[in-house]
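Peer 1: Coordinates only, no sequence provided:
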């Protein structure tokens, strides 16, 4: 069954003094997506009427698609992913999901908090060294969230809520997490995260979409130009765990203070690139953190003219160049995803923060409110 919510009616146009035909209509709709085997899983479509149309599922708080025009007005889906829920259930790439309770890697699958050591699932072994990745075996990316569509100041959105029980995936505390997607009139997708807990626990939520601004499945992203608002990155060891060092990017293949294509230096003889098989590192964002998102990254695809600008309140961003895509996966349009067929830019606190006291803390305590905002703005030039 499909539900439709109209955000701009002819009556509203009249009140605003606009012609009915000239009033751009934003719409929001939902439909069943899980079938008999997965009741309660739905797919939500939000179209701002100005060139940005997204689809979101309450399974994994998943961003299924992002449709936006190129410089000639041709609309394409620029987010990698699948057409069916069954394909996502088998997926190991984290296409489009929200990852947590703690995004990225935790060394050795454990951490100590307030004198107690907590053991987590070890679901990742880069370099043969076990760690916990993106919250464990299921994390927040393989659970069904409660969903509530809303309209605020004329913008349409979807508010998702998940209650994570004390001990789930080894983490302490009953945690209530929220993810709010809002599609703004200026073609910005705003993602706001919130959480409260009844026991001290680490929290680090992130959106894990892969983007190809030429259109999903349209080749690799090596010609995409990337700029990062960062002067430092966190180098990693053989297990892709940060060493604790904040290293300058100047004079290295990690310097994206000015635009460089993904492929320009990705095969350079550099120990960090060799360990990760390309870019898969956390950059330390410049500028003072506050309640208002600041510039984190900009990506430009020359042929389409599409631009993705990312702003965030987070201290870091993980730039991943799709190194483990290998041509074995077919996306929603039936096209093969080549090696480096998409890039992910995950705003976050630094990897392994629960074990590294020098990094910005990810510990949330009772009475505190976790809040994080990231904005993805789509445009052309």
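Peer 2: Everything's here; your move. As the structure is a computational prediction, the values presented were derived from the model and not from experiment. Numbers count the residues shown, from 1 in each chain.
Peer 1: Could you grab the helix/strand/coil label for residue 86?
Peer 2: Assigned by DSSP: H, G, I helix; E, B strand; the rest coil, the conformation of residue 86 is helix.
Peer 1: what's the spacing between it and residue 59?
Peer 2: Distance check for residue 86 against residue 59: by C-beta to C-beta, to the nearest Å, it reads 11 Å. For the C-beta atoms, the positions are set from N, CA and C on the backbone; glycine is no exception.
Peer 1: pLDDT below threshold where in this protein?
Peer 2: 1-24 (pLDDT under 70).
Peer 1: just to revisit the earlier point, who's more crowded, residue 86 and residue 59?
Peer 2: Between residue 86 and residue 59, residue 59 has the larger neighbour count (other C-beta atoms under 10 Å), namely 24 against 13.
Peer 1: mind listing what the more buried one touches?
Peer 2: 33-34, 38, 41, 85, 88, 142-145 (C-beta atoms under 8 Å, 6 or more residues apart in numbering).
Peer 1: what do you get for residue 225?
Peer 2: Residue 225 neighbours (C-beta under 8 Å, 6+ apart): 259-261, 299-302.
Peer 1: How many residues are close by residue 344?
Peer 2: By other C-beta under 10 Å, neighbour count at residue 344 equals 23.
Peer 1: ok, what's across the strand from it?
Peer 2: On the basis of DSSP bridges, residue 344 is bridged to residue 210, residue 320.
Peer 1: try residue 105
Peer 2: Counting by DSSP bridges, the residues bridging with residue 105 are residue 133.
Peer 1: coming back round to it: switch the contacts of residue 225 over to CSV; also include neighbour count, distance to residue 231 and secondary structure.
Peer 2: Formatted as CSV, the contacts of residue 225 follow (neighbours: other C-beta atoms under 10 Å; distance: C-beta to C-beta, whole Å; DSSP: H, G, I helix; E, B strand; the rest coil):
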residue, neighbour count, distance to residue 231, secondary structure
259, 14, 16, coil
260, 18, 15, strand
261, 15, 20, strand
299, 24, 19, strand
300, 21, 21, strand
301, 23, 25, coil
302, 14, 26, coil
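Peer 1: Between which two of the residues you listed is the distance greatest?
Peer 2: 260 and 301 (13.9 Å; C-beta to C-beta).
Peer 1: Mark which of the contacts of residue 59 are buried, thanks.
Peer 2: Among these, those buried by neighbour count (16 or more other C-beta atoms under 10 Å) are 33-34, 41, 85, 88, 142-145.
Peer 1: so can I have CSV of these showing distance to residue 194 and secondary structure?
Peer 2: Converted to CSV, these look like this (distance: C-beta to C-beta, whole Å; DSSP: H, G, I helix; E, B strand; the rest coil):
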residue, distance to residue 194, secondary structure
33, 25, coil
34, 25, coil
41, 22, coil
85, 26, helix
88, 24, helix
142, 21, coil
143, 17, coil
144, 19, strand
145, 13, coil
